[in-house]
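K.L.:
Fold the stuff below for me.
(one chain, ligands or ions: 1)
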Amino acid sequence: MRIKMVAGNWKMNKNLQEGIALATELKEALQQNAPKCAVVIGTPFIHLASVAQIIKDSPIRLAAENCADKVSGAYTGEVSAEMVRSTGAEYCILGHSERRAYYHEDYDILKEKVLLALQNGLKPIFCIGEVKEEREAGKQNEVVRAQLEGSVFNLNAEEWKNITLAYEPVWAIGTGLTATPAQAQEMHAYIRSLIAEKYGKQAAEDTTILYGGSCNAKNAAELFANPDVDGGLIGGASLKAPDFCTIIAAR
Ligand code: PGA
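P.N.:
Predicted structure coming up:
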């Protein structure tokens, strides 16, 4: 059985005090209303160790939003997968379109990051998705396939068990333009078919595939109603505990 999940991606928002307040508010809200799905929050590096303490006796799990593509050493400003793991984080968001577009993370860099995350006991939440022009040209399937082949289909079957995917059409991220439930379902089913080709039907059935891109308290339920949409990766709406809790309750 695959895991249903709602994961937050705070991106570059909230200073340390604000992040601690948000994590505390979320934890208290979920004490009132126990989640029926896995709940993960992805925070900037600086929050990880503090937030890990706050959520330690709660159902909330912690993700970093990135990790280095190098093991350790003279890489000023970088944060390694081992360092991330040592904070108590269990997941690492990798391959986000903002990292690909603004920080030039290509297939090979992402392949390294995924391997280092896995080697250090972190579960990648690996993001894939096409830009607007690619969707308009009808190339979304080929883009997503290339992203998988370029950075994660090198993994063996054991390693694959630790992968969560997030389909995030870039044109839907932060734009208010959500994919329709039908568009999301169609792509998720296609992604699952690619996993089946590569790792077999059971592995495909067991892989959690999240939808991300302007998923919010209003539209989450209809997106999650699709058989291949196992949950969401939530940006903007994860910054307000009540909205995030509504999305969690929709799953
Ligand atoms: P959004 O971001 O929910 O603000 O569109 C989603 C994401 O980028 O993970």
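
K.L.:
and the helix or strand containing A166 with the ligand, contact?
P.N.:
Using DSSP states H and E, A166 maps to strand 164-167. No - using C-beta under 6 Å from any ligand atom, strand 164-167 never reaches the ligand; the gap is at least 6.9 Å. (Glycine included, C-beta is placed from N, CA and C.)

K.L.:
please renumber so the chain begins at 3
P.N.:
New numbering, starting at 3: the last item is strand 166-169.

K.L.:
okay, now A36: neighbour count?
P.N.:
A36 sits with 9 neighbouring residues when counted by other C-beta atoms under 10 Å.

K.L.:
Name the helix or strand for it, please.
P.N.:
Residue-wise, A36 maps onto no helix or strand under DSSP H and E.

K.L.:
Look at the residue lying closest to it once chain neighbours are set aside and report its pLDDT.
P.N.:
Among residues not flanking A36 along the chain, P61 sits closest, at 7.0 Å (C-beta to C-beta, 6 or more residues apart in numbering). According to the prediction, P61 has pLDDT 97.

K.L.:
Spit out the contact partners of P61.
P.N.:
By C-beta atoms under 8 Å, 6 or more residues apart in numbering, P61 lies in contact with L32, A36, P37, A40, V41.

K.L.:
Please identify which helix or strand holds the closest residue to A91 other than its chain neighbours.
P.N.:
Nearest residue to A91, sequence neighbours excluded (C-beta to C-beta, 6+ apart): L64, at 4.4 Å. Under the criterion of DSSP H and E, L64 resides in strand 62-66.

K.L.:
hmm, who's touching the helix or strand just after the strand holding A168?
P.N.:
Following strand 166-169 in sequence order, the next helix or strand is helix 183-201 (DSSP H and E). Residues from elsewhere that reach helix 183-201, judged by C-beta under 8 Å, 6+ apart: 130, 142-143, 146-147, 150, 155, 159, 162, 167, 169, 171, 181, 205-207, 209, 211, 213, 224-225, 227-231.

K.L.:
Just the ones of those residues in strands?
P.N.:
With DSSP state E as the criterion, strands contain I130, L167, Y169, I211, Y213 from among these.

K.L.:
out of the residues you listed, who has the most neighbours?
P.N.:
Y213 (31 neighbours).

K.L.:
roughly how far apart are A191 and A198?
P.N.:
10 Å (C-beta to C-beta, to the nearest Å).

K.L.:
ok and the residue in the protein nearest the ligand?
P.N.:
Closest to the ligand within the chain is G237: 2.3 Å, counting by C-beta to the nearest ligand atom.

K.L.:
Look at that residue and report its pLDDT.
P.N.:
Predicted confidence (pLDDT) at G237: the value is 98.

K.L.:
neighbours around the closest residue to it other than its chain neighbours, how many?
P.N.:
In space, and not counting its chain neighbours, G237 is closest to N11: 5.0 Å by C-beta to C-beta, 6+ apart. Residues near N11, counting by other C-beta under 10 Å, number 27.

K.L.:
N11 pairs with what?
P.N.:
Assessed by DSSP bridges, N11 has beta-bridge partners G44.

K.L.:
need the contact list for it.
P.N.:
The contact partners of N11, by C-beta under 8 Å, 6+ apart, come to G44, E67, I95, H98, G214, L235, I236, G237, S240.

K.L.:
just to revisit the earlier point, can you put the contacts of P61 in TSV and add distance to E138?
P.N.:
Converted to TSV, the contacts of P61 look like this (distance: C-beta to C-beta, whole Å):
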residue	distance to E138
L32	40
A36	43
P37	37
A40	34
V41	35
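
K.L.:
Which of those are buried, as a ChimeraX select command?
P.N.:
Those of the contacts of P61 that count as buried under 16 or more other C-beta atoms under 10 Å are selected in ChimeraX with:
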select :32,37,40,41
